[in-house]
Each structure stands twice: as structure tokens, then as C-alpha cells.
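Trainee: Need coordinates for the following:
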Amino acid sequence: MKAILGLGGNLGDPCGNIRAALWAVANLCGTRLLRISRFYLSEAVEVDGPQPPYLNCAAEIETRLSPDALLGACLGIESALGRTRPGFKFPRTVDIDLLLYEGAASGTDELTLPHPGILRRAFVLYPLLDLFPEGHALGLSFGNALEKVADQQIQLTLPDGLVGEW
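Mentor: Residues are numbered from 1 along each chain as shown. So this is what the prediction gives:
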């Protein structure tokens, strides 16, 4: 099945941490990394107090893991890369969110699919748009949601390390 992950971080070396997380995801049993979006820099949203900016991207994978098993594997990768959880919405070395999973919709304490934050976060929508320029991904239509996040500051991080306004 195909799945879409959102990856981000704002502590330590976010780019290196995201790349390490992508490598670890690609090496999960029965999992293959298909595509990665460009990287985006954004201010922290939906948090209390100031935080460093976040670096974010999205990845499309193909996996034989169930949604719950994939979530568990992602949590393990986060932990292995130094993520601690002192509280909700704190700065982090790396964050891996399971955004979409082909054919799956669920709502439990551990996992909600599609991820409930997709349509209100520019740092998720713009990487998704890189992967799915038509504005539809695995049954979710998100193209119209871009208008609702126009006030959120986001910058495209170019391959040579330069940052450009988006």
C-alpha cells in the first residue's frame, strides 16, 4: 500500500535528521521510498511560546506494514534519532507523521487517518503539492485548502542551501 509521511524538525541538524529518518524509513521491512518533496522552512504553528523555525518535507512510500505498524516504526525511528517527548508540541529533533495511508481511514487515540492537521498547515500542504500537483493524494483533495493557510509563512529551501520565498 502507498502512504504519505510528513517529516520535520527544528532542533540540532534538522536537514541531517530528516535525511536520516528518510533512510531509516526506506530500510523498514517491506517498505520502499518512492518520492520526496522539496524541503520547506516555516515558523512553528499551533504552539505555545517561541520556537526555532521548522524544516519540513513529505515522502511517498510503498509499504507492506499496516498503518499501526508503520506508525510504531516511525515512532521508533524518531526515538533512535534523539526525539524526546517532554510535552505536546515541543521542539524536536525529528517528527514523522503518518499523513495518509491508501484505503485507510481511522480514528483512534493512537492514529487518525487522514491526519487531522493536513488541511490547516502550510508546512504539510506545500510539500504535498510537490508530490501531487493536481491537489489530490490517496483519496484526499487538498488543493482548495491552500487559500486557508495563506497567512502562514513558509519558504522553499533550495538544493544549494539558499532559501527562497514561496
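Trainee: now the helices for this protein?
Mentor: With DSSP state H as the criterion, the chain has helices at 14-26, 67-80, 122-131.
Trainee: So which of those helices is nearest Gly103?
Mentor: With CB to CB as the criterion, Gly103 lies closest to helix 67-80 of the helices of the chain, at 9.7 Å. From N, CA and C alone the C-beta is placed, and that goes for glycine too.
Trainee: tilt between the closest one and helix 14-26?
Mentor: 140 degrees (axes from the mean of the first three to the mean of the last three CA atoms, to 10 degrees).
Trainee: before we move on, the earlier item: give me whichever of the helices of the chain is most buried.
Mentor: helix 122-131 (a mean of 22; mean count of other CB atoms under 10 Å).
Trainee: what's that one in contact with?
Mentor: 4, 6, 8, 35, 37-38, 40, 42, 45, 54, 56-58, 60, 97, 99, 115, 117-119, 135, 137, 142-143, 145-146, 149, 152-154, 156, 166 (CB atoms under 8 Å, 6 or more residues apart in numbering).
Trainee: hmm, back to that, would you mind putting the helices of the chain into JSON lines with mean pLDDT alongside?
Mentor: Rendered in JSON lines, the data for those read as follows (pLDDT from 0 to 100):
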{"stretch": "helix 14-26", "mean pLDDT": "95"}
{"stretch": "helix 67-80", "mean pLDDT": "96"}
{"stretch": "helix 122-131", "mean pLDDT": "96"}
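Trainee: Make TSV from those and add distance to Ala104 to it.
Mentor: Formatted as TSV, the helices of the chain follow (distance: least, CB to CB, whole Å):
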stretch	distance to Ala104
helix 14-26	17
helix 67-80	5
helix 122-131	17
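Trainee: between the ones you listed, which gets nearest to Gly107?
Mentor: Nearest of the helices of the chain (CB to CB): helix 67-80, 11.7 Å.
Trainee: what's next to that closest one, contact-wise?
Mentor: 3, 5, 21, 24-25, 28, 31, 63, 65, 92-98, 101, 104, 106, 110-111, 113.
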